[in-house]
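Trainee: sequence and computational prediction follow.
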Number of protein chains: 2
Amino acid sequence: MKHLLVALVLFSTSYIGAQTAVSPSKKIEVNFKLSATGQPTYSVKYNNNTVVEKSAMGFTLKDKAALTTAFTLEKVENSSFNESWKPVLGEQASIVNRYNELKVALIQKESNIKMTIFFRVFDEGIAFRYDFPKQKELNYFIISDEVSQFNLTENYKAFWLPGDFDSNEYEYNETKLSAIDNSKIDMNNGIGVKSIPGKYIVQSPLMMKSDAGLYVNIFEAAVVNYPVMHLNVDVKNFDFTAQLVPNAIGDKAYLQAPCVSPWRTIMISDDARDIVGSKMILNLNDPSKIEDTSWIKPMKYVGIWWEMHVGKSTWDFAGSQNAQNSLTQDLIPSGKHGATTENTKRYIDFAAKHGFDGVLVEGWNVGWEDWFGNWKEEVFDFVTPYPDFDIAAVSAYAKSKNVKMIMHNETSGSVSNFERHLDRNFENMVKYGYPATKTGYVGKIIPRGEFHDGQSMVNHFNFVARRAADYKLMVNSHESTRPTGYSRTYPNFIAAEAARGNEFNAWSNGNAPMHETILPFTRLLGGPMDYTPGIFEIKMNHYDKSKTEQVHTTLAKQLALYVTMYSPLQMAADLPENYEKYSDAFQFIKDVAVDWDDSKYLEAEPGDYLTVVRKAKGSEDWFLGAITDENARNTTVSLEFLTKGKKYKATIYADAKDADWKANPIAYKISTLTVTSKSKLKLNLAAGGGTAISFQLID
Amino acid sequence: MKHLLVALVLFSTSYIGAQTAVSPSKKIEVNFKLSATGQPTYSVKYNNNTVVEKSAMGFTLKDKAALTTAFTLEKVENSSFNESWKPVLGEQASIVNRYNELKVALIQKESNIKMTIFFRVFDEGIAFRYDFPKQKELNYFIISDEVSQFNLTENYKAFWLPGDFDSNEYEYNETKLSAIDNSKIDMNNGIGVKSIPGKYIVQSPLMMKSDAGLYVNIFEAAVVNYPVMHLNVDVKNFDFTAQLVPNAIGDKAYLQAPCVSPWRTIMISDDARDIVGSKMILNLNDPSKIEDTSWIKPMKYVGIWWEMHVGKSTWDFAGSQNAQNSLTQDLIPSGKHGATTENTKRYIDFAAKHGFDGVLVEGWNVGWEDWFGNWKEEVFDFVTPYPDFDIAAVSAYAKSKNVKMIMHNETSGSVSNFERHLDRNFENMVKYGYPATKTGYVGKIIPRGEFHDGQSMVNHFNFVARRAADYKLMVNSHESTRPTGYSRTYPNFIAAEAARGNEFNAWSNGNAPMHETILPFTRLLGGPMDYTPGIFEIKMNHYDKSKTEQVHTTLAKQLALYVTMYSPLQMAADLPENYEKYSDAFQFIKDVAVDWDDSKYLEAEPGDYLTVVRKAKGSEDWFLGAITDENARNTTVSLEFLTKGKKYKATIYADAKDADWKANPIAYKISTLTVTSKSKLKLNLAAGGGTAISFQLID
């Protein structure tokens, strides 16, 4: 986390100076202007064309006058910044953070309240945040609404999720902005808790594309002590207004000056690769606050998890797989409980044999007989194993095999209860040598009335990461607020789900083939995702003839996801027996890295396709992942990323000729080639298919 | 906690039997009746006169049909119970629990929901509770309202507090029921957070007296996983309806069958002593759930506390005594900080010299510069001392002097924050040998939207007691929900404030002279109160000539409070220098016991006077406390409680002849006498005065 190069150049300070900043490339320009009423506004141009029209800024406050108008300019400063920093884990060894900054210090007449707006203009977009300096006239305040607007100029195509305050686990809708309408979404989608406040509210990050081919993405960074921002859409004028998630009594954020808002970001490019490969969100977060990060390690893991999703075993000891059967007088084990000592040892053996770092075990602790759907406060105590799970024996066995156990902390949304047991849980993990926990938040939040995306929950997720750091533990949160780069500040926040993961394919309408081509443009901008790829037995009728659910990809695409879906924590999600059955394809999962020295996005089109190559950490090996949506795709990639003059053995895991995500998803073909940086490779992706390639240095 | 005698006699079971139960004395009779619409109702008679007219019972539920009508009788059972049990700490060595019980099992037509109502009739009153057995038709449910009524027949005089959801720290109003009106209360009363939902809502326990001299008290017992019940008053018809305290979104209680409601209690007697001395509330709670109670000890303590109240020193390190001065850039110590190592050692020396068990220190931990009034979530971390408080040195010094330190955990109402740090706080206490904590809840509750008296806060207070028991620690909660006997179940919940304590006399309009004559009939029925008596320098102009505040008693009454106000945790609240100044009077505080083998209420009239004698635990010594309200009082007490044939030295701490709580409050006179059980003593109590007597066995 050392700064390799820092260059901060203050090049202009004036009391009423130029209220403009441009990107280092000069392509993007942001302009600030106070309106006639003294309202702060901004606009954005790309290549001299207006992308964001004059848009309002400011806040309404509870029990205080609004911070929307009557401002005067106090000071304007322009500066320039350029540094490189090394992430603890990441897509590349070093990240450049380069931008020009415009700082506009405002003061409100009469109230004398000071508010400063910072703009940063990067080559791939702009960001702004509000800053409230320490001041007599503003100490504590409550945000009733943030009025920040993002007024676009045309009817973009958008990849949008309904602005649900409790869930980000929807499928993407691909429509024009004018067609956004939450009331038209099929809600039979496997999501347990939904809180959609209106027809025209969507989530950020919102990825868009204009008819002319301009890509625009609205998101936020460094959401700390603040609620998540969703977006209210004016579907006629293509204007967006910030929609902060309220708390139980309708307030949005409780703040005390000095403080800052999150960054509001607008990425703009005519090349989608600039957006999918952007590190702007990470750059806008604070550097690591963890001094010694040596204990933060990437992990590839297997686990007792998918077997519950496919119905082979159960989370609960009783084995009824009924989450609300507290009425059963005597819970008689059915023998289907997944998290047994014996089964866990089987997974540990499998992990050790195939070189995995970790084993996750879900359903190991008491409570699963009556945990879901009833807003129950005290379900789990997070430390008491079921009688058939000998945690001491399991952890000793794992240690003897040099495998790490991964804790599972389902909270059922009862955050109050989890926080009461958090230290005890972490102490238990340290006692048994678990280096990481997967947390879960399935259910309505307790304290009751709070939403998953409110300020107090944002604070909770961040708090769990910080508290875990006290114990040198890593966190992977599921059903959480989507991340906005906090993993830069707390790199032990190693991954999160916070989007519709692979699991939905097991028991719901699933994830359409385009799903994984969108996530890198949206969810992944904020941090790594524990998507749990690697499902080989694609169709659920493998387990139960009556089932029609399936994974909406080919097997080869499941392999490619390990490269396209960046995460330093990656699961090989399928069952050991399935990997043994397709052991040649499994070799890719065994080989692929999860931490990288370099990454290049070769081809990118949201909703359509993505081709990525990455260089493994501390190695000369490269890995390629190429995926497509429901359309088959043929493409040729140049291997010029390989080191010149070196030879590599390329092992290509491709869709078979007759492969098809629906009709014939498992059909794959493995071939090997010797290649150099001068080689070109033809890739043939089936409908819903993909290609994964490992490049091993020969000499 | 062993049962000395248990006699349970089931004497009647019938499908439609007598729906009546009478007290063992036959004086009180409760009648159950289903109305024509199938609504459960009850009525109560005392000496054959109706005290409670036909009153409705039942609930309205959220998203479910109401449990108010359409019930049929399934089964009626009568039984009888008689046992004695030994409290760990208490007013007497053994408590008799004797009642007749009526169990009415109901079933609701159509819904098939089962609800059982238990009535218990003691000699001093009746109690009823709702019981929801395990059943298919009712698993989880949410109480929207409890419709329990208490329909009185006449316009009683009442000692009432406004039904504030956040505070029980009001002075008592003494009016007829018809004159209850919260809008007429002077709200300039020193209470920081107020939430009064309407004009005609009062708190329970509600003590009343009829024109004919009948005493009636409405309260509740065993409030566990349920909100506090206040009372909606129909001031024309003298009817009361349960007013449960809501949560942030308006729900009252989240329950899962099998479960029970708290007991609703109505005490009735023509002798006020039966009520003030009743153990009914304790009897209605579960026996101790702590197996080994050997570590639960009574404590008499001094502390760094009153000196902050009188302005001699400050809680905060900076010493501005400004709870909201986060704006001060540099907090420069003023030298007025109370909780210094040096000052603490002075208190430890004082405690050791005079035989006190403990020393409380408030303001020892960082956070006090900006802690109050702004709904701030993260104020204290509960473990970090100010730089001038060396916790290791202090605890070592206390240990060397055989004195115990008492922890102070002010939460500022931020329960979320406290629960996050609870284990760390308790571990810190164990590390430094603190056996007890005084918790504080000054401020609006966080999670925001919750009230001090809601279900989640009731659960919090109980949880803190249970969690403390894990560490063998005792809890004394201030600004908490008033107790309803949970100290029987968790005897380490040694005391609570939960009413207007002595501190209000230091800086507000204070506590009228009648205040302490009412508390034993109300607040103390639910458990011991940490009232912090023992203030000798009655008038605050002692510290600052400009001050007009004062304690509203004489000095002698302050002594008497150690006997009239039962608590196994009693503070000698005044400053060491004041006790040294009045060292002869101080002798009573040094001598008085705080745990008892027996207690007798010799005279009792709520709002007027109280005379109590108690026999010290494991000793032949007795102590008498007599107090009066604003009226001077002369009375004669017979000493027949003393052991026959034995001689005692009585040391009498009385008001001087010219004493008066306002004009001459400190004037006292100490005399000694030799007395026997045949003696009678004349007591002369000044206006706002009292008498305290110690009886030491001579032979």
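Mentor: Done, it's in. Note that the structure is predicted; figures quoted are calculated from it, not measured.

Trainee: beta-bridge partners for residue A:106, please?
Mentor: Beta bridges link residue A:106 to residue A:73, residue A:115, judged by DSSP bridges.

Trainee: contacting residues for it?
Mentor: A:34, A:40, A:71, A:72, A:73, A:74, A:114, A:115, A:116, A:117 (C-beta atoms under 8 Å, 6 or more residues apart in numbering or on different chains). Every residue, glycine included, has its C-beta placed from N, CA and C.

Trainee: reformat these as CSV; add pLDDT and neighbour count.
Mentor: Output for the contacts of residue A:106, formatted as CSV (pLDDT from 0 to 100; neighbours: other C-beta atoms under 10 Å in any protein chain shown):
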residue, pLDDT, neighbour count
A:34, 96, 18
A:40, 97, 25
A:71, 97, 25
A:72, 96, 11
A:73, 96, 19
A:74, 95, 14
A:114, 98, 20
A:115, 98, 24
A:116, 98, 18
A:117, 98, 21
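
Trainee: between the residues you listed, which is nearest residue B:503?
Mentor: Residue B:503 lies nearest to residue A:114 out of these, by C-beta to C-beta, at 39.1 Å.

Trainee: quick one: the helices in the stretch 51-200 of chain A, in order.
Mentor: Using DSSP state H, counting those that start in this stretch, the stretch 51-200 of chain A contains no helices.

Trainee: please list the residues of it that sit near chain B.
Mentor: A:134, A:136, A:139, A:140 (C-beta under 8 Å from any C-beta of the partner chain).

Trainee: dump the residues you listed into a markdown table; add neighbour count and pLDDT as well.
Mentor: Shown next, in a markdown table, are those (neighbours: other C-beta atoms under 10 Å in any protein chain shown; pLDDT from 0 to 100):
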| residue | neighbour count | pLDDT |
| --- | --- | --- |
| A:134 | 14 | 93 |
| A:136 | 10 | 91 |
| A:139 | 18 | 93 |
| A:140 | 16 | 95 |
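
Trainee: helix or strand with the lowest mean pLDDT in chain A?
Mentor: Lowest on mean pLDDT, DSSP states H and E among the helices and strands of chain A sits strand A:3-14, with a mean of 48.

Trainee: show me what the next helix or strand after that strand packs onto, helices and strands only.
Mentor: Per DSSP states H and E, the first helix or strand lying C-terminal to strand A:3-14 is strand A:20-22. Applying 3 or more C-beta pairs under 8 Å, 6 or more residues apart in numbering or on different chains; DSSP states H and E, one finds that strand A:20-22 contacts strand A:28-34, strand A:95-108, strand A:114-122.

Trainee: okay, now the sheet partners of strand A:20-22, with direction.
Mentor: When DSSP bridges is applied, strand A:20-22 pairs with strand A:28-34 (antiparallel).

Trainee: for residue A:31, give its distance to residue A:115.
Mentor: Residue A:31 sits 18 Å away from residue A:115, going by C-beta to C-beta, to the nearest Å.

Trainee: for the stretch 201-350 of chain A, which segments are assigned as strands?
Mentor: Listed in chain order, the strands found in the stretch 201-350 of chain A under DSSP state E, counting those that start in this stretch are A:201-203, A:206-209, A:215-221, A:229-234, A:239-244, A:253-256, A:259-260, A:263-269, A:299-304.

Trainee: need the ones you listed in JSON lines with mean pLDDT and distance to chain B, can you?
Mentor: Supplementary listing: those in JSON lines, determined by pLDDT from 0 to 100; distance: least, C-beta to the nearest C-beta, whole Å:
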{"stretch": "strand A:201-203", "mean pLDDT": "98", "distance to chain B": "21"}
{"stretch": "strand A:206-209", "mean pLDDT": "98", "distance to chain B": "29"}
{"stretch": "strand A:215-221", "mean pLDDT": "98", "distance to chain B": "22"}
{"stretch": "strand A:229-234", "mean pLDDT": "98", "distance to chain B": "20"}
{"stretch": "strand A:239-244", "mean pLDDT": "98", "distance to chain B": "15"}
{"stretch": "strand A:253-256", "mean pLDDT": "97", "distance to chain B": "6"}
{"stretch": "strand A:259-260", "mean pLDDT": "98", "distance to chain B": "12"}
{"stretch": "strand A:263-269", "mean pLDDT": "98", "distance to chain B": "23"}
{"stretch": "strand A:299-304", "mean pLDDT": "98", "distance to chain B": "27"}
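
Trainee: could you dump those into TSV and include mean neighbour count?
Mentor: Shown next, in TSV, are the strands of the stretch 201-350 of chain A (neighbours: other C-beta atoms under 10 Å in any protein chain shown):
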stretch	mean neighbour count
strand A:201-203	23
strand A:206-209	25
strand A:215-221	26
strand A:229-234	22
strand A:239-244	23
strand A:253-256	22
strand A:259-260	18
strand A:263-269	25
strand A:299-304	25
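
Trainee: between those, which one is closest to residue B:405.
Mentor: Closest to residue B:405 of these is strand A:253-256 (C-beta to C-beta; 32.3 Å).

Trainee: can you list contacts of the closest one?
Mentor: A:132, A:139-143, A:225-227, A:244, A:455, B:326, B:374-377, B:448.

Trainee: chain center to it, what's the gap?
Mentor: Distance of strand A:253-256 from the chain centroid (C-alpha atoms, centre = their mean, to the nearest Å) equals 25 Å.

Trainee: ok, residue A:617 touching residue A:599?
Mentor: No - Residue A:617 lies out of contact with residue A:599 (C-beta atoms under 8 Å); the separation is 11.1 Å.

Trainee: please name the nearest non-neighbouring residue to residue A:447.
Mentor: Ranked by C-beta to C-beta, 6 or more residues apart in numbering or on different chains and with sequence neighbours excluded, the top spatial neighbour of residue A:447 is residue B:447, at 3.7 Å.

Trainee: that neighbour: what's it in contact with?
Mentor: For residue B:447, the contact set (C-beta under 8 Å, 6+ apart) comprises A:248, A:416, A:447, A:450, A:456, B:248, B:415, B:416, B:456.

Trainee: let me have the residues you listed in CSV, extended by distance to residue B:58.
Mentor: Conversion of the contacts of residue B:447 to CSV gives the following (distance: C-beta to C-beta, whole Å):
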residue, distance to residue B:58
A:248, 28
A:416, 29
A:447, 28
A:450, 31
A:456, 35
B:248, 25
B:415, 31
B:416, 34
B:456, 24
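
Trainee: who wins for most neighbours among the residues you listed?
Mentor: Ranked by the number of neighbours (other C-beta atoms under 10 Å in any protein chain shown), the contacts of residue B:447 place residue A:450 first, at 28 neighbours.

Trainee: phi first, then psi, for that residue.
Mentor: Torsion angles at residue A:450 (phi, psi; degrees, to the nearest 10) stand at phi -80, psi 150.

Trainee: do you know how far it is from residue B:446?
Mentor: 11 Å.

Trainee: and the residue of the stretch 551-699 of chain A nearest chain B?
Mentor: Closest contact between the stretch 551-699 of chain A and chain B, by C-beta to the nearest C-beta, is at residue A:569 (25.4 Å).

Trainee: may I have the beta-bridge partners of that residue?
Mentor: According to DSSP bridges, the partner residues bridging residue A:569 are residue A:299.

Trainee: might one say that residue A:393 is in contact with residue A:344?
Mentor: No - between residue A:393 and residue A:344 there is no contact under C-beta under 8 Å: 9.0 Å.

Trainee: neighbour count: these two, which is higher?
Mentor: Using other C-beta under 10 Å as the criterion, residue A:393 and residue A:344 rank with residue A:344 on top: 27 against 12.

Trainee: what's the spacing between the closest residue to that one other than its chain neighbours and residue A:402?
Mentor: Using C-beta to C-beta, 6+ apart and skipping residues adjacent in sequence, the residue nearest residue A:344 is residue A:394, 5.0 Å away. In this view, residue A:394 and residue A:402 are 14 Å apart by C-beta to C-beta.

Trainee: who's more crowded, these two?
Mentor: Taking other C-beta under 10 Å, residue A:394 and residue A:402 do not tie; residue A:394 has more neighbours (24 against 11).

Trainee: work out for me the element that one sits within.
Mentor: Short version, using DSSP H and E: residue A:394 is in helix A:391-400.
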